[in-house]
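> pasting a predicted model and its sequence here:
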Amino acid sequence: MQEEKRDIEQLLAAGNSIQLSPRGYSMYPLFVPGRDQAVIAPLDAGRLRRGDVVLYRRKEGILVLHRIWRCGGNRFYMVGDNQRAVEGPLYREQIKGILVGVVRRGRYFSVKNPVYRFLSWVWLMLRPLRPFLSGAVARWKRTIKRKS
């Protein structure tokens, strides 16, 4: 497993893009395990911005794909799309790549797509309300299942 993680970093450092299948639900609804794949490109010299989804390595050694909640200078604070807790500070050297696209059911869409950008911005702004929204959606789904 550790060898695999090093290979991902080596590929990105060599200028290659990679496609991987995120595990877990921290980036739900953007990524659903078993359905979606992330297309990650190496970082360029450009500026990282709030809302960008990046692949970074935690101090414990785990590679994580989360969204930038806040950044300032060399410090970054991250949050999963399905989380409220903000993680950080993390540093630019911990960031290994940036999300450039998503493959969903075999179809690719770019993170530059205006619909994606708008929905990502809205979801990021709703971070404090996510638990209430998730709870409301879960109750709604249970109600629909009971009726059918």
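Yep, it's here.
> who's in contact with the most centrally placed residue in the chain?
Centroid-nearest residue in the chain: His66, 3.5 Å away (criterion: Cα atoms, centre = their mean). By Cβ atoms under 8 Å, 6 or more residues apart in numbering, His66 lies in contact with Ser26, Met27, Val53, Val54, Tyr56, Met78, Val79, Gly80, Glu87. C-betas here are computed from N, CA, C, even on glycine.
> quick one: average confidence on stretch 79-94?
Taken as a whole, stretch 79-94 has an average pLDDT of 90.
> and what of stretch 14-24?
91.
> and that stretch, end to end?
27 Å (Cα to Cα, to the nearest Å).
> buried set for it?
For stretch 14-24, the neighbour count (16 or more other Cβ atoms under 10 Å) marks Ile18, Pro22 as buried.
> which other residues reach that stretch?
Residues contacting stretch 14-24 (Cβ under 8 Å, 6+ apart): 8, 11-12, 31, 33-34, 36-42, 65, 97, 100, 103.
> again, but for stretch 114-130
Identification of contacts with stretch 114-130 by Cβ under 8 Å, 6+ apart yields 29-30, 50-51, 67, 69, 79, 81-84, 102, 109-111, 133.
> can you give me the helices in the protein?
Using DSSP state H, the helices of the chain run over 2-13, 114-125, 130-147.
> follow-up on the earlier one: buried ones among the contacts of stretch 14-24?
Applying 16+ other Cβ under 10 Å to these flags 8, 11-12, 31, 36-42, 65, 97, 100 as buried.
> where does this protein have low pLDDT?
Scanning the chain for pLDDT under 70 picks out 1-6, 45, 148.
> mind redoing it with 50?
For the chain, residues meeting the criterion pLDDT under 50 lie at 1-3.
> now do the strands in it.
18-20, 36-42, 53-57, 63-72, 75-79, 87-91, 95-104, 107-110 (DSSP state E).
> partners of the fourth one in the sheet?
Based on DSSP bridges, the strands next to strand 63-72 in the sheet, each with its direction, are strand 53-57 (antiparallel), strand 75-79 (antiparallel).
> list the buried residues of the last one.
By neighbour count with 16+ other Cβ under 10 Å, strand 75-79 contains the buried residues Phe76, Tyr77, Met78, Val79.
> returning to what we had before: can you add distance to Tyr116 and give the strands paired with strand 63-72 back as a markdown table?
A markdown table is the format used below for these (distance: least, Cβ to Cβ, whole Å):
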| stretch | distance to Tyr116 |
| --- | --- |
| strand 53-57 | 10 |
| strand 75-79 | 18 |
